[in-house]
Structures are given as C-alpha cells and as structure tokens.
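Novice: need coordinates for the following:
(chains A, B, C and D)
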Protein chains: 2
Amino acid sequence: MQKQPTIRDVAAAAGVSVAVVSRVLNPGSGPVAAATRGRVNDVMTTLGYHPRTAARELKHGPPTTLGLLLADVSNPFFARLADQVVQEAHSRGIQVLLMTTQEDDQLESERLSTLIERRVSGIIATPTGNNLDIWKKLQDLGTDVVFVDRSIPALPAVDVVTINNTESARSATALLAAHGHRRIAIISGPASSTTGRDRIAGYREALEAAGLEQDDLLIRSAAFRGAAGGDATTALLNLEDPPTALVVANTAQVTAVLRRLSHAGVSIPDELSVIVFEDSPWTELVTPPLTIVRQPIDLLARHSVQLALANASGKTSGKSTVIRVDAELVERSSVARPKRRT
Amino acid sequence: MQKQPTIRDVAAAAGVSVAVVSRVLNPGSGPVAAATRGRVNDVMTTLGYHPRTAARELKHGPPTTLGLLLADVSNPFFARLADQVVQEAHSRGIQVLLMTTQEDDQLESERLSTLIERRVSGIIATPTGNNLDIWKKLQDLGTDVVFVDRSIPALPAVDVVTINNTESARSATALLAAHGHRRIAIISGPASSTTGRDRIAGYREALEAAGLEQDDLLIRSAAFRGAAGGDATTALLNLEDPPTALVVANTAQVTAVLRRLSHAGVSIPDELSVIVFEDSPWTELVTPPLTIVRQPIDLLARHSVQLALANASGKTSGKSTVIRVDAELVERSSVARPKRRT
DNA sequence: AAACATAATGGAACCGGTTACACTTTTATG
DNA sequence: CATAAAAGTGTAACCGGTTCCATTATGTTT
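Specialist: Numbering: from 1, shown residues only, chains lettered A, B, ... in the order given. From the prediction side, this is the model:
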C-alpha cells in the first residue's frame, strides 16, 4: 500500500512549480515549454501519478459525470439502454453513476439526493412520477435533466426522449384489426405513467379508425414490477367474451404474460394473436416467433446523452426539447386471422 | 439557476461556526447541543443545503463509491449482476460507477485509469485477462479488487467470486451422458478465459467418468462478442459424425446458437439435446422449455459487494478470498435420449 | 540597441468540506 | 463552594488540485 504522489510531489521532482504541472495536466490552460512538458510527463509516469478527480471537481463542478437513474436494470430494455448510454458517455470521456429506483418514490428521492451531493452535470432518468419538488430543485441547481422513455407532464421544462408511444400502439392495434380481429385487448403500463396513457390512447385511436367497439374490460394496466401481467392475462382469458388478439405494451411484463398464456395452454396465433413491445433476441426463438414493436434503444441512448451534455455545455436553450423516435413494427408469426367468431 | 449554499453560508445563517455545522453533518464526530443541532438542521433545509461529495472526499478517500467494470451490460447475465450489485451497494449507502469494456483490453485500461483517478474504494470486475500491471498497481494503491465470474490466474492476490464452473459443466455433461448420449459437444468461452477453461475441464471430467471417447472436434470456443456462437454451431452440425447433445457454456452466445439451430431446422430434443448456461425467464418460454444451468446471480453480487467493502473497512485480510457458489441444474424438456445411433 | 510583445514560470489564494486544538461554559464530585 | 471533568463551540490549517496575477526569460521590430 503505497502513498499516493500529489501534484506537489511531481512539481518537486521535476523542479518546477505546481502551476506548471497543472498546465501540463490541462493542455490549453497556458503555455509550457516543450522541454518542460516532457520532463514533467516523465516524472509523472515514473512516480505513477494520477490526479485526483475529487480535487479537480472542487474548483468548478464536474462536467465528467452523468447520473443514470433507471427503474431496474434486470429488465432487458433498461439494461440495453444502460449499455448504450454508458458507451455513448464513455466515448465522450464522461462517466456514469448508475442508480436504480425499483419504481419506488422513496428510493428515487434518496438517489436524487445523492446525485445532488455529487453535483453531477446531468441526469438521465426514467422517473417514477413523483418527487416533483426534487426534480424542480435539480433544475434550479442547473443540473440537466433528461427523461427517457417516460415523462412527467407536470414538469414541462424537462427534456424528454421517448419512442412515439401513441403511434406504436396505434399501428400494432391497426395491424390486428386489419387481420380481422374485433376483440383486441391491451395490457399496458400503469395509467399513472405517460407510456401507459399514450399507448392506450394509440390503441383507442386504432379501434376508432377501424370502426371497432371499445370495451374497457379489454384494457388492462399492469404495474411495472411483480406478477401483475400474469394476473391481467388470466382476467382477460376468463372474460365472458374473451379477446382474439392481444397487444402487450408493458415491456416489463412480456415474459410474465407469455408464461401465463403458455401455462393456460393458449396457442398462438390460433387462439390468440399477440404483438409485444419487446426487442430481445429471444422473441425470435419462441414458437411461434413473435411479432414485435422494436424500440430503437440505441437512438434513445444517443439522444439522451446528447441532450444531457448539450445543455451542460452552457446552452441553456431555454425551451425544453422533446425527441420522439419511431418504433418499428416487425412482423413475424404470432399474428393470424381469428379462427373463432365472437 | 441558483448559487449553491456552502457550509459557511449555513454557519453564518445559523450563527455558529463551520465546525459545528460539520459536526451536525457527521454525527459522532463531536458533541453538539441539541438546540444547536436543531437550528442548524432547520437552516440547512430552508437554504436547501447539500454538502458536496467532492469536497468531503478530498480529506480522506471516498469509501462511498464502487467501480463496477463489466464486459457488456446488454448481456442479461451481466445486466442482472449489475442490478443486484447496485441494489446491494445502495443498501449500504454506496454508489456505483458503471463502466464497460466491450471485452477490449484498451478500453479496460482506460476505464481503470479513470477509476484510479476517482480513488474508488473498490472495484468489482469481469477482467478481460490483460492489463496485469494496472491491476497490480490498483492493489498497491490499496483499492479492493474483486473479480467476479472470471479471474486471472496470474493475479493470485485478488479476491474472486465465481460459480463453480467445473462442477456445473461436469454435471450438465453427466446428465447428457446419463441419457445415453455418446457424442456430446460443448460450446464454451475462449480458452483464454478461466470460465472457458474450467467449463471445458468439467466437461472432460464427465466424459471420462462416463467412459466416453473424447473428440476435440466437439469442443468449440466462441468469443464473448459477435456471431462466433452461430459459426461454431454450424461447424458442429456439419461434422462427419455430428453430436447428439450440446452444452452451450457461453452465456453470451446462447441466443446466437439457438437461432442458428432454429434456422438449420434442427429439432430439440429429437435431433439434438441441449443444455444452456443461461437463466433468463425466456428459457422457459421457448419450445421446448430449455434445461438450464442456473447461475445464482444474487449470490455472486452479494458476495462481491461484501468482499469489496469488507476489505475497504481496513481488514487487510492478507490472503485473498475465493468464493465459489454452486450453480443449479434445472431440468426442463430440451434433453432426451438420442434417437439415432452413431 | 532600445523598446516592447510574447512565452514561460512561480507564488499564493481559492474551491468546500474535515478536524486538531484551544477556549469557554456546564455539570459533576468531594 | 472550589475545582476537576465534560460538553459545547470557534479558529485555522489542511486535503489536492486550479487559476489569477506578478515576474522573469526570450524574441521581434525598427
């Protein structure tokens, strides 16, 4: 366990002042003779010197750290988002502090406090929907907040990057209607979430456009965590007049829903046509391969990081930016014409 | 964009000295009268004061940050590991800096430099296998390094948490042998990785125990990234005397292998019995449900965090700790007796 | 060669906390 | 009630960088 050399150790060993070493460390901050620079660099490597980030950050805030606040990284959607965000950030020399909320207000609030104390320059988050006051405070503090995937309507000043949820649900529903389905169900995120609301709105639009009757019994909300998706599935199957088609618009609940269908012995697509919001490789491996709504996670990540850092570089654009990227409907084999007439 | 209050602002507003405020901030660091404490706390909330982590860390290193250096968070195995590590760390008030290497030496080296500069107290990593000198330096610096899932034999001093790879591969192979298979293939990680080597060793043990002939053509290594798994699959299928059973011991390549099998029209388990190292919900959804080796990710995470922090608290245990947790073989329906005799 | 611009370097304050130590006020003890 | 012990508070140095500004070395112009 060796003691760490400081900038003064380096300065002493190189026979220069700390100011010079600092200039070597931060090119562009002032002139240094080439010979001196070389000597200082040599000393730094032989001493094994590494400047301490904490000390650097003391003077001016850290433009080198982003907070990434996700619900849950075990969800593949968020996992891939995290992966892309980290890569994108690293390519710009930015580090990522990863935190999870488990969809819990209280935990979210604690995580946000930590991020405030760290004075991160920006936060990319999937908000639970509460803690409005903290989000506002963050903005007052000049932290760049970007909501990804979801948003909070009561906070119009925040940048948002999301897929076009309404349109995605609309086109998925429309595809089912075009196949002749008249009883189309949807399992979506909680109505308290913007994604849930938007997707249900798109679903309704499609039904209306197709001239189909709307039945609120066919609209099920399932919490992002737990087994809610399975229960919603059972409820739909037990309906007096059950659906012939189903849109699973809650990414977190896709496997729960499919497992329940499988256990119930419902055959896809013969008895039930299915479209899911989920883009993992395995959706192609199940029988039959699933028709999916593919969310362009890489785009979400890239835009989020760009926004979080663009603002950081001083551009207080004033207005908030909302970026909507289009999801892609990938047709495979889980959609067919309905067998049974209702 | 408001200016942030500092500890001196708080002290002034409360009519006390900064030392007192600091003591309020760090309970146990010294006596403070109850009345004073209350007043200071009030001022802190009305002013919206949050102490800066960077300043705190200046004095003594930060026991509040862990580095988590993974190959790739889009791999569900690592994603779930990350999720668990983050939760475990948060429950102890520790933050996690997430970095990825993409299995690239050079990137790993850069990430490690960053972690050194941040003076993180501990690092949990899946090492690429290179950068020996940097890992050593990290240890000299007193950073607690814990390798998870894989290790580097040339660095015996590092703590390691991994599943019992040899035993896992042995039991999976033994199960296939017990079903009467004589030509059992394995697709594993690169031979340069300890997981790859250990799993192949277990595979060989099982063959030997079953009195089966070993054929190196049936042993395929596939890199953790890219489409190597698919190519290995094709090569196995095209063998003159192809296998009747397959162990996919490279988690990262499981979907690639299955996709290739599916495209090649190989039916499981009639033509090929399959066991995979992978424990995602979807392995139960495919047809047939897959027999899997379930890796106890939560245990890996908990032990890793414990080790990384146990050492941090001063216990220079001297010796390195190696923790091996047992994986569980979950039998489902992708293993059957071989149809065709070879 | 004088006059002046520019390059290179050093000294010291500063960022926002923590903490050793000195000092003052209470409380406890004989 | 004197006095020692404990509790409460303040001052100032310190952590390891960055940066303003002054100073000295070098180079250019006429």
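Novice: interface residues of the stretch 151-300 of chain A facing DNA strand C?
Specialist: Neighbours of DNA strand C within the stretch 151-300 of chain A, by C-beta under 7 Å from any atom of the strand: none found. Placement of C-beta: from N, CA and C, glycine included.
Novice: look up phi and psi at the residue in the stretch 151-300 of chain A positioned nearest to DNA strand D.
Specialist: Of all residues in the stretch 151-300 of chain A, A:D159 sits closest to DNA strand D, at 27.0 Å by C-beta to the nearest atom of the strand. In terms of degrees, to the nearest 10, the main-chain angles of A:D159 are phi -70, psi 150.
Novice: which SS class is the nearest residue to A:R183 once chain neighbours are set aside?
Specialist: Closest residue to A:R183 apart from its sequence neighbours, by C-beta to C-beta, 6 or more residues apart in numbering or on different chains: A:P243 at 4.4 Å. Following DSSP: H, G, I helix; E, B strand; the rest coil, we place A:P243 in the coil state.
Novice: quick revisit: and the residue of the stretch 151-300 of chain A closest to DNA strand D, how many neighbours?
Specialist: By other C-beta atoms under 10 Å in any protein chain shown, 25 other residues sit near A:D159.
Novice: please work out which residue of chain A is closest to DNA strand D.
Specialist: A:I7 (2.9 Å).
Novice: quick one: low-confidence parts of chain A?
Specialist: A:1-2, A:311-318, A:340-342 (pLDDT under 70).
Novice: may I see the domains of it written out as residue ranges?
Specialist: Under the assignment automatic domain parsing, the domains of chain A span A:7-51, A:65-163+A:297-327, A:165-294.
Novice: hmm, back to that, from what I can see the residue of the stretch 151-300 of chain A closest to DNA strand D touches A:V305, true?
Specialist: No: with contacts counted by C-beta atoms under 8 Å, A:D159 stays clear of A:V305, the gap being 11.5 Å.
Novice: what touches both of those two?
Specialist: Counting by C-beta atoms under 8 Å, 6 or more residues apart in numbering or on different chains, A:D159 and A:V305 have no contacts in common.
Novice: rewinding a little: tell me who's in contact with the residue of chain A closest to DNA strand D.
Specialist: Taking C-beta under 8 Å, 6+ apart, one finds A:18, A:21-22, A:25, A:49, A:51 in contact with A:I7.
Novice: where does A:A256 land in three-state SS?
Specialist: Strictly by three-state DSSP, A:A256 counts as helix.
Novice: work out for me the element the residue lying closest to it once chain neighbours are set aside sits within.
Specialist: Closest residue to A:A256 apart from its sequence neighbours, by C-beta to C-beta, 6+ apart: A:G229 at 3.8 Å. Taking DSSP states H and E as the criterion, A:G229 maps to helix A:228-237.
Novice: helices or strands up against that helix?
Specialist: strand A:184-188, strand A:219-221, helix A:254-263 (3 or more C-beta pairs under 8 Å, 6 or more residues apart in numbering or on different chains; DSSP states H and E).
Novice: what do you get if the cut-off is 10 Å, keeping everything else the same?
Specialist: Helices and strands touching helix A:228-237, by 3 or more C-beta pairs under 10 Å, 6 or more residues apart in numbering or on different chains; DSSP states H and E, are strand A:184-188, strand A:219-221, strand A:245-248, helix A:254-263.
Novice: please enumerate the strands of the stretch 1-150 of chain A.
Specialist: A:65-70, A:95-100, A:122-125, A:144-148 (DSSP state E, counting those that start in this stretch).
Novice: quick one: strands adjacent to the second one?
Specialist: Looking back up the chat, that one is strand A:95-100. Using DSSP bridges, strand A:95-100 pairs in its sheet with strand A:65-70 (parallel), strand B:95-100 (antiparallel).
Novice: quick revisit: tabulate the helices and strands packed on helix A:228-237 (TSV), appending distance to DNA strand D and mean neighbour count.
Specialist: Below are the helices and strands packed on helix A:228-237 laid out as TSV (distance: least, C-beta to the nearest atom of the strand, whole Å; neighbours: other C-beta atoms under 10 Å in any protein chain shown):
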stretch	distance to DNA strand D	mean neighbour count
strand A:184-188	49	28
strand A:219-221	51	20
strand A:245-248	51	29
helix A:254-263	47	21
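Novice: do stretch A:105-116 and chain B meet at all?
Specialist: Yes: Stretch A:105-116 lies within reach of chain B by C-beta under 10 Å from any C-beta of the partner chain, at A:107, A:110-111, A:113-116.
Novice: on that earlier part again, can you tell which of the domains of chain A is closest to B:L212?
Specialist: domain A:165-294 (29.4 Å; C-beta to C-beta).
Novice: now the closest one: how far from the chain's centre is it?
Specialist: Relative to the centre of its chain, domain A:165-294 is centred 21 Å away, using C-alpha atoms, centre = their mean, to the nearest Å.
Novice: ditto for stretch A:291-299
Specialist: 12 Å.
Novice: again with stretch A:122-139
Specialist: Taking the mean of its C-alpha atoms, stretch A:122-139 sits 14 Å from the chain's own mean (C-alpha atoms, centre = their mean).
Novice: stretch A:121-136 too?
Specialist: 13 Å.
Novice: dump it to PDB, keeping only the CA atoms.
Specialist: The C-alpha coordinates for stretch A:121-136 follow below in PDB (Å, rounded to 0.1, in the frame of the first residue of the first chain):
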ATOM      1  CA  SER A 121     -23.800  17.700 -14.500                       C
ATOM      2  CA  GLY A 122     -26.700  15.800 -15.900                       C
ATOM      3  CA  ILE A 123     -29.200  13.100 -15.100                       C
ATOM      4  CA  ILE A 124     -30.900  10.700 -17.500                       C
ATOM      5  CA  ALA A 125     -33.800   9.100 -15.800                       C
ATOM      6  CA  THR A 126     -37.000   7.100 -16.000                       C
ATOM      7  CA  PRO A 127     -38.900   8.900 -13.300                       C
ATOM      8  CA  THR A 128     -41.400   7.200 -11.100                       C
ATOM      9  CA  GLY A 129     -43.700  10.200 -11.500                       C
ATOM     10  CA  ASN A 130     -43.400  11.600  -8.000                       C
ATOM     11  CA  ASN A 131     -40.800  13.800  -6.300                       C
ATOM     12  CA  LEU A 132     -41.800  16.800  -8.400                       C
ATOM     13  CA  ASP A 133     -40.200  19.200  -5.900                       C
ATOM     14  CA  ILE A 134     -36.800  17.400  -6.100                       C
ATOM     15  CA  TRP A 135     -36.800  17.400  -9.900                       C
ATOM     16  CA  LYS A 136     -37.600  21.100  -9.900                       C
END
